[in-house]
Each structure stands twice: as C-alpha cells, then as structure tokens.
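**Q** Predicted model and sequence follow; I will ask about them next.
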Amino acid sequence: MTHPAVVNFAEEPHSVEIREIEEPDIGADDVLLQVAAVGVCGSDLHQWTSQHSWPVNYPVVLGHEFAGIITAVGKNVLSWREGDRVVSETAAVIDPDNPMTRRGLYNLDTSRKGFGYGVNGAMTRYVRVPARCLHAVPEGLAFEKAALTEPCCVAYNATIKNSRIDPGDRVLVLGPGTIGILCAALARQAGAEVAIAGLPQDVGRLKIAEQYGCHTIIGDALPWARVRDGLGADVVIDAAGVSATLKLAIEAVRPAGWITKVGWGPKPLDFNIDPIVQKNVTLQGSFSHHWSIWERILAMLASNQLDVTPIIGGQWSLEDWETAFTKMHHGDVVKSVLTP
C-alpha cells in the first residue's frame, strides 16, 4: 500500500514535492507509527531552500518533530503496544558501541542519522521508528502539542543544560524562530530577565515572544545588553540561522559571560573571535537532546508549565505542505504543524 509523503528528492533549491511511497516494513526492534501531527522545523525549510549544512540522503521524507499512535510492534518490542500514544526522538540510527552513545550522549554519536535527512521522516501517513526512540504522550496532551516536544528539547538542552543561567541574570536571545522563542521562555523559567532580538520582518514572531514575558528588540540589541552596568548581558543564546550573529553575541556578552550557540549557519565566519579570549568568555555549542530531557519536557508540557500554544500558527494537511512551509519561511507564523 502506498501513501503520500513530502519528499526532498534532490539538493537543488525547492526540490520538494508530494510523492507516493510504500508503507514501511518494520524490524524486530521497531514499531510502525501512524503519524497524527508533525511539526515543520527550520531544518526542513533549509533543506527545501537548499541552505542546509548537513549531508542529506536523497530522496528522503522530511519531518522529525512528530507524534502519533502505534499500529504495529516488532517481535522484540515488549514495552509498547498497538494503540499507545507516543512521540519519537530524532536519532533514528545510532551506533551502540560509539563512546558517546555509551555515555548516554547518543545525540553526539558522529555516525548518528536522524529522521528527515538520514532516513525517512514523518511527513507521511506511517513511519518506521526504533522502539528505543519512543516516549509516552501523557493523557490529555494534544498531539499537535506533543509533536513540539522535539524543539522544546533542543531549547531545554541549550538553555538549561548547556548554559549557565542564574536567577536575576540578563539573557539576550538572538533570533525569534521556534528555538529562539522557546529558549527565551525557558530562560524566563530559570529566573532570568530576557530579551529576544530580531529584524523588522520578525514583528509577528516577536509579539509571540512577548506572551512569554520577554522584552523584544528590533535592531540594535547592545543598549539592552549593557543597560545594567555597561558591561553586557550575562548570557547570550544565539538561535539565529546565520553564522554572523556570533559577532553580535561576542559584542553583547559581558566579560566572563556565557555564549551558547544553537543556531546553524552554513557560511564561514569573516571576523576575529579574539574578543572571546580578551573577555574570558565561554563559547558553548548545543546540539540536539537525549532521553532524560524528553521526559522532563513531556512533564512540563502535560502540566502546562511550558505552554506551546502561542507558537503554533496553524495546522495543514500534507497536500498543503507548501503553504505551511511558506508561512514559516516568511515569518507569518512561528510553527506550522502538518496533520497526515
């Protein structure tokens, strides 16, 4: 049986279309998941416009932020049953013997392959998922919210695990996309005073950030960063999709401060990073997430401690994928959700 899927079929820009694909077979350690909701990520947009900086296994079904219902289980799968409501992590293929995997940091396994670029993702009706990737969706948590567990985990890892934020800190977030707004929301929960900076075309998304209690900035963010004593922000989180914002982060952070870079940018740097040395600044990268972060985020979503309602700009069918992509690409919405 075949089903429609949103397929990225080549490296050239806009090489994405609806194609019919075969329903996947599952292995002994897998489940077959009927997709109920799948979020559109900035990385999906970057593959659509061919502005990505990671290898893609063309042709591939897009989509790695997804939730749904188990419809079949492999013979070795004992902890899940048909009908279970679940979300899936993104590390579809990992090496169990990799030193990072053995430490529990399989997100840093250099051989890791994720849904939507390394193997077929969830912008289709059914997706094959290793059972180790699954987490139960708490009762009462809607699928469209559960599908956003993944970007929430990216933001949690960047903000809570990989940044040094103390209550009362001033935290500047660069880039009001999904990850930037979620980083800002989590920094607020950590007790920080938070500003998020964007461009004139980001007005709509910045208004969403204000719902999380954040100060918003269009244009020059340095005055806000330096208002307390002239030295700069305690923490800068670079969640923009360009490398050049690191220069602003270095300018805005205070001596002995902290920069966490979670945004990807394919272009090389063209500026001197010696001020990191002069300021004695910590520059921290943050990539992906792992099991314990997923459990925490699901608990926060279920209790409404973290409410993702404001960032969901709408739900579209698979056939309307291009509308959903375009609205995100133009900044009309923060997050588009497809409902296969």
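**A** Thanks, I have it.

**Q** need the strands for the stretch 151-300 of the chain, in chain order.
**A** 170-174, 193-198, 215-218, 233-238, 253-261, 282-285 (DSSP state E, counting those that start in this stretch).

**Q** elements contacting the fourth one?
**A** In other words, strand 233-238. Contacting strand 233-238 under the criterion 3 or more C-beta pairs under 8 Å, 6 or more residues apart in numbering; DSSP states H and E are the following elements: strand 170-174, helix 178-189, helix 222-226, helix 245-252, strand 253-261. Yep, even glycine has a C-beta here, placed from its N, CA and C like the rest.

**Q** Go again with 6 Å.
**A** In terms of contacts (3 or more C-beta pairs under 6 Å, 6 or more residues apart in numbering; DSSP states H and E), strand 233-238 is packed against strand 170-174, helix 245-252, strand 253-261.

**Q** can I get these in JSON lines with mean neighbour count and mean pLDDT?
**A** Shown next, in JSON lines, are the helices and strands packed on strand 233-238 (neighbours: other C-beta atoms under 10 Å; pLDDT from 0 to 100):
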{"stretch": "strand 170-174", "mean neighbour count": "29", "mean pLDDT": "98"}
{"stretch": "helix 245-252", "mean neighbour count": "21", "mean pLDDT": "96"}
{"stretch": "strand 253-261", "mean neighbour count": "21", "mean pLDDT": "98"}
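
**Q** These into CSV, with extra columns for distance to Ile208?
**A** Formatted as CSV, the helices and strands packed on strand 233-238 follow (distance: least, C-beta to C-beta, whole Å):
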stretch, distance to Ile208
strand 170-174, 13
helix 245-252, 20
strand 253-261, 21
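
**Q** Tell me which of the ones you listed lies nearest to Ser163.
**A** strand 253-261 (4.5 Å; C-beta to C-beta).

**Q** what's the spacing between the closest one and its chain's center?
**A** Averaging C-alpha positions (C-alpha atoms, centre = their mean, to the nearest Å) puts strand 253-261 22 Å from its chain's average.

**Q** mind listing what it pairs with, with the direction of each?
**A** strand 233-238 (parallel), strand 282-285 (parallel) (DSSP bridges).

**Q** With only the CA atoms kept, save the longest one in CSV.
**A** Once side chains and other backbone atoms are set aside, the C-alpha atoms of strand 233-238 remain, and they are given as CSV (Å, rounded to 0.1, in the frame of the first residue of the first chain):
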residue,chain,number,x,y,z
ALA,A,233,24.5,40.5,29.1
ASP,A,234,25.3,37.6,31.4
VAL,A,235,24.3,35.1,28.8
VAL,A,236,23.7,35.4,25.0
ILE,A,237,21.9,32.5,23.3
ASP,A,238,22.5,32.6,19.5
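
**Q** State the mean pLDDT of that strand.
**A** On average, the pLDDT along strand 233-238 is 98.

**Q** And the shortest one, by the same measure?
**A** In this model, strand 282-285 carries a mean pLDDT of 98.

**Q** rewinding a little: so which of the strands paired with strand 253-261 is nearest Ile297?
**A** Nearest to Ile297, of all the strands paired with strand 253-261, is strand 233-238, at 17.2 Å by C-beta to C-beta.

**Q** relative to helix 245-252, how tilted is the closest one?
**A** 180 degrees (axes from the mean of the first three to the mean of the last three C-alpha atoms, to 10 degrees).

**Q** How far does strand 233-238 sit from its chain's centre?
**A** 19 Å.

**Q** angle of that strand against helix 178-189?
**A** 160 degrees.

**Q** hey, which of the strands paired with strand 253-261 is tucked in deepest?
**A** Across the strands paired with strand 253-261, averaging neighbours per residue (mean count of other C-beta atoms under 10 Å) puts strand 233-238 on top, at a mean of 30.

**Q** Distance to Asn76 for the strands paired with strand 253-261 - can I get that in CSV?
**A** Formatted as CSV, the strands paired with strand 253-261 follow (distance: least, C-beta to C-beta, whole Å):
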stretch, distance to Asn76
strand 233-238, 40
strand 282-285, 35
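
**Q** right, and the ones you listed - which one's nearest Pro96?
**A** Closest among the strands paired with strand 253-261, using C-beta to C-beta: strand 282-285, at 24.1 Å.

**Q** So which residues make contact with the closest one?
**A** Strand 282-285 is contacted from outside by 162, 258-261, 276, using C-beta atoms under 6 Å, 6 or more residues apart in numbering.

**Q** okay but Leu70 is in contact with Arg85, surely?
**A** In this structure residue 70 is Ile, not Leu. No - between Ile70 and Arg85 there is no contact under C-beta atoms under 6 Å: 8.2 Å.

**Q** Fine by me, we can end here.
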